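S.K.: Provided below are the primary sequence and the corresponding predicted coordinates.
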Amino acid sequence: MRNSRGSFGHEEESEEINLTPMLDVVFIMLIFFIVTATFIKEAGIQVDRPLTTTADKQEDAAILIAISEANEIWIDRQERDPRAVRGIIERLHAENPKGSIVIQADAESSNEMLVIVMDAARAAGVPNVAISSEDDG
């Protein structure tokens with residue numbers, strides 16, 4: 001028996017767009033962006049860095065160490081004991097051997113604490129240690 005549209009006994013199939021391949025592509029792109037994203041590391045506290053006019057950019061900072069105005073050492077958002085800094089730096093440097101260390105020392109912190117952190121970094125075998133400052137220009 002023939003219906004009004006000319007087909008023989010079959011209901012007309014609804015035509016739908018299959019969204020599964022598009023969702024697969026979007027999911028793969030999301031995974032790609034998450035894997036390739038560079039995450040900003042923070043030391044854990046806000047530091048008032050001293051001003052300078054001769055600062056150079058440090059692009060590959062893997063370890064950020066902050067020294068507060070009260071001479072507290074902060075690594076990975078936790079306050080650390082000065083005697084434990086070398087071991088922590090060795091562990092973090094082993095995770096990323098090509099990375100460098102950037103020390104963010106507050107303008108009101110003591111030079112003694114800065115020297116302690118720098119000595120610990122050099123004793124841990126990190127060749128590239130930089131001190132962070134604010135650009136005056």
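M.R.: That came through, no problem. Numbers count the residues shown, from 1 in each chain.
S.K.: What helix or strand is Ile101 located in?
M.R.: Take DSSP states H and E as the rule and Ile101 turns out to sit in strand 100-105.
S.K.: And that strand, what does it pack against?
M.R.: Identification of packing neighbours for strand 100-105 by 3 or more Cβ pairs under 8 Å, 6 or more residues apart in numbering; DSSP states H and E yields strand 61-67, helix 111-123, strand 129-131. All C-beta spots, glycine's among them, are computed from the backbone N, C-alpha and C.
S.K.: Nearest to Lys98, out of the ones you listed?
M.R.: Distance to Lys98, taken as Cβ to Cβ, is lowest for strand 61-67 among those, at 7.6 Å.
S.K.: Show me how far the closest one is from its chain's centre.
M.R.: 11 Å (Cα atoms, centre = their mean, to the nearest Å).
S.K.: ok, now stretch 71-82?
M.R.: With Cα atoms, centre = their mean, you get 18 Å for stretch 71-82.
S.K.: Need the CA coordinates for that stretch. CSV is fine.
M.R.: Extracted C-alpha coordinates of stretch 71-82, given in CSV (Å, rounded to 0.1, in the frame of the first residue of the first chain):
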residue,chain,number,x,y,z
ASN,A,71,61.8,36.4,58.1
GLU,A,72,59.5,33.4,57.6
ILE,A,73,60.3,31.1,54.6
TRP,A,74,57.4,30.0,52.5
ILE,A,75,57.6,27.3,49.8
ASP,A,76,54.5,25.7,48.2
ARG,A,77,52.2,27.8,50.3
GLN,A,78,53.6,26.4,53.5
GLU,A,79,55.9,28.1,56.1
ARG,A,80,59.1,26.1,56.3
ASP,A,81,61.9,25.8,58.9
PRO,A,82,65.2,27.3,57.6
